[in-house]
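Next one to model:
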Amino acid sequence: MGGDMGGDMAADQMADRVTEAVAGSVAVLRAAVAAGTDWDSVNAGRLEWSCQQTAEHTAGALIAYAGQLAGRATKAYVPFEIVMEDDTDSAGVVDVLETTGALLTATIRTTPREVRAYHPYPFRSANREGFAAMGVAEVLLHTYDIAEGLQLAYEPPAALCEWVLTRIFPQVRPEPDAPWRTLLWATGRGELPGRDPVTEWRWSNNLVIESERLTLQGVTPAAAADLSAGGTGGFEWIEGGPFEGTRDAAGMVVKAYEGGVHRPEWGMFVLVRREDGRAVGGMGFHGVPDEEDRAEVGYDLAENARGHGYATEALRALSAWALARDDVKLLFAAIDRANTPSLGVISRAGFKRVSEDVEQYAYELHGMDRSLRLYARTD
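Numbering: from 1, shown residues only. Sure, this is the predicted structure:
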């Protein structure tokens, strides 16, 4: 479950995943074409689409993702779609699928790490890794649908399935040694012992919260595993980063993910400077809000990033995001009495000291009374 390293190597690794998924799909589908089955007359697995329509949809998704990333679209999907010529047969659709896969691969290779583009689920944007993972998921799942409709065997490599799960299914508890069955179950296509059937599902790209000088970028289980093991998590860190608190927090994310209780918006964020894309620290929550709608926060910075107000700025942004939700009334933190810099951060961010003991001070920040809130709905 290791994360990718920073730089062009990371982009190449993501692109290679798309290439691998498409190549495996094309091999199966071309064998199906050779069998001579009429794809228009057979539904793809449990879908209402025919096998032909499902293959066309998959190609359309790949070109749409490439278009979003290439065009840097941020407010909505770029309004275009792929249209097959009227006489396109199943062999021709497979050729189109292979081509659109190559286009997405090329786009991922050339897209900088910090670029995000519009995607609705669930936080209205995704980065190149998110689009790569969505593209791979589209290919794996719809190839399975087509293969099921045509009564063919298909199972992609376990590592490819795990790569998808740890990036865009962070809320799904992994089944040991069964990533493909987990992915099928998570998308309503299969069963897992002891788990209820899935009837509705969506994947989940990471949340990003913005402040003046920083972006707080949600950490996926894959990135958390790499950070916890001593890697970069796919981020480009300033010298001396990440600090030990960030690695410890990443380990908490991994534990929550493996236990099936991780909720990405209540996990960990890496603080990334807008000016140069460098990561300077970590911040986040110790878990979902409790039964009293309280959530605990924690944070640290790389030593070379201290003294610039980054932690205060990030904590204000994170707090504003959390307290604007209906499921949070109060944020709190426990700070060691000897940790003078952290005490300064929590105070400057607006938290008030409410109690103390021999070793720690307790701080709280309350949200606005819900009856006084004004909502401007845009959906």
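
Show me where the stretch 101-250 of the chain has its strands.
With DSSP state E, counting those that start in this stretch as the criterion, the stretch 101-250 of the chain has strands at 116-117, 126-127, 208-210, 214-218, 236-237.

elements contacting the fourth one?
Looking back up the chat, that one is strand 214-218. Under the contact criterion of 3 or more CB pairs under 8 Å, 6 or more residues apart in numbering; DSSP states H and E, strand 214-218 touches strand 208-210, strand 268-273, helix 310-323. C-beta coordinates here come from the backbone N, C-alpha and C atoms, glycine included.

Find the nearest non-adjacent residue to residue 156, please.
residue 140 (5.0 Å; CB to CB, 6 or more residues apart in numbering).

What separation do you get for that neighbour and residue 146?
Applying CB to CB, to the nearest Å, the value for residue 140 to residue 146 is 11 Å.

So for those two, which sits in the more crowded spot?
Set residue 140 next to residue 146 and count neighbours by other CB atoms under 10 Å: residue 146 wins out with 30 against 25.

any idea how far residue 50 is from the more buried one?
Counting by CB to CB - residue 146 and residue 50 are separated by 9 Å.

Now list whatever residues contact both of these two.
In terms of CB atoms under 8 Å, 6 or more residues apart in numbering, residue 146 and residue 50 are both contacted by the residues 39, 44.

Low-confidence bits of the stretch 251-379 of the chain, can you list those?
Along the stretch 251-379 of the chain, segments meeting pLDDT under 70 span 368-379.

and with 90 instead?
By pLDDT under 90, the low-scoring segments of the stretch 251-379 of the chain are 367-379.

ranges for the helices of it?
310-323, 340-348 (DSSP state H, counting those that start in this stretch).

Mean neighbour count, those: which tops it?
helix 310-323 (a mean of 20; mean count of other CB atoms under 10 Å).

Just want the angle from that one to strand 268-273.
130 degrees (axes from the mean of the first three to the mean of the last three CA atoms, to 10 degrees).

related to what we said a few turns ago, which stretch among the helices of the stretch 251-379 of the chain comes nearest residue 44?
helix 310-323 (39.7 Å; CB to CB).

so how far is the closest one from its chain's centroid?
Put simply, helix 310-323 sits 21 Å off its chain's centre (CA atoms, centre = their mean, to the nearest Å).

Show me what that helix is in contact with.
Contacts to helix 310-323, defined as CB under 8 Å, 6+ apart, come from residues 209-214, 216, 269, 271, 273, 280-281, 283-285, 295, 297, 299-301, 328, 331, 342, 344-346, 348-350, 365-368.

Could you do stretch 145-161 as well?
17, 20-21, 24, 28-29, 31-32, 35, 37, 39, 42-47, 50-51, 54-55, 136, 140, 143-144, 177, 179-180, 182-183, 189.

what's the answer for stretch 29-44, then?
In contact with stretch 29-44 (CB under 8 Å, 6+ apart) are residues 49-55, 90-91, 93-94, 97, 142-143, 145-150, 152.

Let me see the mean pLDDT of that stretch.
Averaged across stretch 29-44, pLDDT comes to 94.

And it, end to end?
Terminal residues of stretch 29-44 are spaced 12 Å apart (CA to CA, to the nearest Å).

who's in contact with the residue nearest to residue 274 when sequence neighbours are not counted?
Spatial nearest neighbour of residue 274, excluding adjacent residues (CB to CB, 6+ apart): residue 213 at 5.7 Å. For residue 213, the contact set (CB under 8 Å, 6+ apart) comprises 273, 274, 275, 310, 313.

before we move on, what about residue 169?
Counted by CB under 8 Å, 6+ apart, residue 169 has contacts 183, 186, 203, 204.

what do you get if the cut-off is 7 Å, keeping everything else the same?
With contact set as CB atoms under 7 Å, 6 or more residues apart in numbering, residue 169 has these partners: 186, 203, 204.
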